[in-house]
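> no FASTA, just this:
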């Protein structure tokens, strides 16, 4: 069997991380190809249920990334998101959803190098954890087979 | 067929259940866990809760599960392959220790699912089901089976009805061919007896109204304000419909993963606002009172008209489960004296 | 109880309110919510230790929405719910007369919002000991055990939505689970559908739940839903010093932020 390649879904803000990821590319920095980027208008728009949907759709790890504090294009979207993530993380921890697989980060449009680093470390972390079997099983057992 | 009368003692009953499970039949009976009695798979007679008057949920999930796959599909390059559920492979199921009201509940369900149009999956499950009910020694304040043509010793819907006559013995009524098949395969466990008057061994339950009167009253009160009055405290959950042994409404949900998917049938309730919501945004049953009215009319007017039977067996589960004490018997009584 | 009745009767007789929301004797020795519109009807009003259902729920139902003014017999949970509803602009002070009742069943007369806030602070709250013990038990579990625990705990769920229907804070005209174009939260009550539904609901109530425990009481299959909300309320209080149900002028924790919120978990 071939080596496990983690599937990572990244929910990113249009105004910073998405542009940052673009910069990573134009700067010709190589990084892991395991990530699928989903562009959002703001981290404030990233519904926590999207994270569980990603897991349900087969993701093994998730990156949620947006603008540094005070950099939000809409003034406070990232501040609201920050609180929401805290609470969601707590809920996940309490319900046994593996938060080691969810990485939150601030990556600005200028931080192409940081983006590559975030993706690479996340991929390696998740590779160590292995496929997220328990959630995949939960979400597919009544639908497939 | 004519009812065959037998006796069985409790140790023989234990053997009977053991024989069922050993022969690969799935036995479902009331099981008490964390203070709640519900139908669950049992292996031996010790697992069974004989005391609880009524399980929280009815036995309907044995033939109409809360969620059930009715087909699966797969998208290929230029086609969709549909795989129907193989309903010939359903296991033989024994419902054991349910109350006569539970057994009676299978009749209106059968009328809904296997009337003019036959639901093959439901029908297959029902055909594989044998119902061994136990008469009620006790009734509680919510029971009203005697008001809807049922009773604590009613045989309707049961294949076999057991009535506890002594601490060690049950009087057995074999009601159907299915029941007779069990008798024939286990003759050593049953003893002969003449018919017994069950009345002394049954719960006493006064009749509060008749369903025929309700049916008649409903003809003139569609626009009455009684629906508003009764439904005022209804919170609009679906607990009543979901615990009801005779409620058969369902929702169809397609769930997809990539190119594969399944079609699920799940319980639904006329108490929900979204139940009748049209695509246009119009909702013919906008208010909770209208939805409550629908529940009563469906059971006591539409079903009698269309299927020649009533959709309520008087188990009182809806009233027990209601968070705000919407007691159906009380409300029907109000209607009966209008 | 007589003072509660007297108060309710006077309010109706003096035309100060059109409707009194309270309790009456129900069937099978239960009590149930009741709506009184005349002073004579108030004879049936009761209040005792069994009147624990959170009737603030009805404030968002048609009957109360259509009444120009109303009074409500309010135990501490109901008072907290009213304050939280007011904080979320769901009810106006001039419309509602709160007949305050302490957790011991003593009537404290009419409360305006200011008095209700004071009252709310003095009343005991929180979970029963066995619920607290359950939270601790779950917190001590491993990740896998927690996950299995909740999957199993939610598995009897039949999606009757009694938790939602009985919750005063679940007043949305269209619930997220009813977003069906495409279907967002699975409707089917299988394990996955149940998990997502309860997770979604817990998050929507985080920082807004007043911990009355009605979700748990109304659940026909006894899922310990209240401990989910309680655990989150506890966390919100600890992290953001924010607590729902104490003030009529209040922004729930997840609708607000500070510049100094923790971010040690963000890379």
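On my side now, so go ahead. What you see is a predicted model, and the numbers here were worked out from it, not measured in a lab. Residues are numbered from 1 along each chain as shown, chains lettered A, B, ... in the order given.

> ok, the closest residue to residue A:56 other than its chain neighbours - contacts?
With sequence-adjacent residues excluded and distances taken as C-beta to C-beta, 6 or more residues apart in numbering or on different chains, residue A:56 is closest to residue A:139, at 3.6 Å. In short, each C-beta sits where N, CA and C put it, glycine included. Going by C-beta atoms under 8 Å, 6 or more residues apart in numbering or on different chains, residue A:139 touches A:55-57, C:192.

> now, which of those lie within helices?
A:55-56, C:192 (DSSP state H).

> part of a strand, is residue B:6?
Yes - counting by DSSP: H, G, I helix; E, B strand; the rest coil, residue B:6 is located in a strand.

> separation between it and chain C?
When distance is defined by C-beta to the nearest C-beta, to the nearest Å, residue B:6 is 36 Å away from chain C.

> mind checking pLDDT for that residue?
Looking at residue B:6, its pLDDT is 94.

> Do I have it right that it meets residue B:191?
Yes - taking contacts as C-beta atoms under 8 Å, residue B:6 lies within contact range of residue B:191: 6.4 Å.

> Comparing the two, which shows the higher neighbour count?
residue B:6 (18 against 12; other C-beta atoms under 10 Å in any protein chain shown).

> If the more buried one is in a bridge, with which residues?
residue B:172, residue B:192 (DSSP bridges).

> Quick check: it vs residue B:103, distance?
18 Å (C-beta to C-beta, to the nearest Å).

> quick one: low-confidence parts of chain A?
A:1-2, A:145 (pLDDT under 70).

> quick one, what contacts the residue nearest to residue A:123 when sequence neighbours are not counted?
Leaving aside its sequence neighbours, residue A:123 sits nearest to residue A:32 (C-beta to C-beta, 6+ apart; 4.2 Å). By C-beta under 8 Å, 6+ apart, the contact list for residue A:32 reads A:8, A:119-120, A:123.

> One more pass at 6 Å, please.
A:119-120, A:123 (C-beta atoms under 6 Å, 6 or more residues apart in numbering or on different chains).

> so it is in which element?
Using DSSP states H and E, residue A:32 sits in no helix or strand.

> what are the phi and psi angles of it?
phi -50, psi 140 (degrees, to the nearest 10).

> Which parts of the stretch 151-300 of chain B are helices?
All helices of the stretch 151-300 of chain B, identified by DSSP state H, counting those that start in this stretch, fall at B:177-185, B:211-218, B:226-231, B:239-243, B:288-297.

> Tell me which residue lies nearest the centroid of chain A.
residue A:63 (1.4 Å; C-alpha atoms, centre = their mean).

> With residue A:13 as the reference, measure out to it.
12 Å.

> Determine the residues that are contacts of both of these two.
With C-beta under 6 Å, 6+ apart, residue A:63 and residue A:13 have no common neighbours.

> Show me the strands in the chain, by range?
Let's take chain A. Assigned by DSSP state E, the strands in chain A fall at A:8-13, A:35-40, A:61-66, A:102-106.

> that's the wrong chain, I wanted chain C
So, for chain C - with DSSP E - the strands run C:19-25, C:31-36, C:70-74, C:96-101, C:107-111.

> Of all these, which one comes closest to chain B?
Across the strands of chain C, chain B has its closest neighbour in strand C:31-36 (3.6 Å, C-beta to the nearest C-beta).

> Quick one: neighbours of the residue in chain A that chain B sits nearest to, just the number.
Chain B sits closest to residue A:143 of chain A, with a gap of 4.9 Å, by C-beta to the nearest C-beta. For residue A:143, the count of nearby residues is 22 (other C-beta under 10 Å).

> That one and residue A:46: what is the separation?
25 Å.

> thought the residue of chain A closest to chain B was touching residue B:257?
Yes - using C-beta atoms under 6 Å, residue A:143 is in contact with residue B:257, at 5.2 Å.

> ranges for the helices of chain C?
Under DSSP H, chain C gives helices at C:2-13, C:62-66, C:76-87, C:113-122, C:129-139, C:143-154, C:162-165, C:191-205, C:214-218, C:225-240.

> So which of those helices is nearest chain A?
Of all these, helix C:143-154 comes closest under C-beta to the nearest C-beta, at 3.0 Å.

> got the contact list for the closest one?
With C-beta under 6 Å, 6+ apart, helix C:143-154 has contacts from A:95-96, A:134, C:191, C:194-195, C:198, C:223.

> try 8 Å
A:93-98, A:134, A:138, C:138, C:141, C:191, C:194-195, C:198, C:223-224.

> tell me which residues of that helix are tucked away?
Of the residues in helix C:143-154, those with enough neighbours to count as buried (16 or more other C-beta atoms under 10 Å in any protein chain shown) are C:143, C:146-147, C:149-151, C:153-154.

> related to what we said a few turns ago, which single one of the contacts of residue A:32 is nearest to residue B:243?
residue A:123 (48.6 Å; C-beta to C-beta).

> Pull the contacting residues for the closest one.
With C-beta under 8 Å, 6+ apart, residue A:123 has these contacts: A:6, A:8, A:32, A:34-35, A:61.

> if we can go back for a sec, I'd like to know which of the helices of the stretch 151-300 of chain B lies nearest to chain A.
Of the helices of the stretch 151-300 of chain B, nearest to chain A by C-beta to the nearest C-beta is helix B:239-243, at 18.4 Å.

> And the closest one, what does it pack against?
helix B:317-321 (3 or more C-beta pairs under 8 Å, 6 or more residues apart in numbering or on different chains; DSSP states H and E).

> The helix it packs on: how far from the chain's middle?
13 Å (C-alpha atoms, centre = their mean, to the nearest Å).

> what do you get for stretch A:12-25?
13 Å.

> Pull the residues that contact it.
A:10, A:31, A:37-43, A:63-68, A:71-73, A:77-78, A:105-116.
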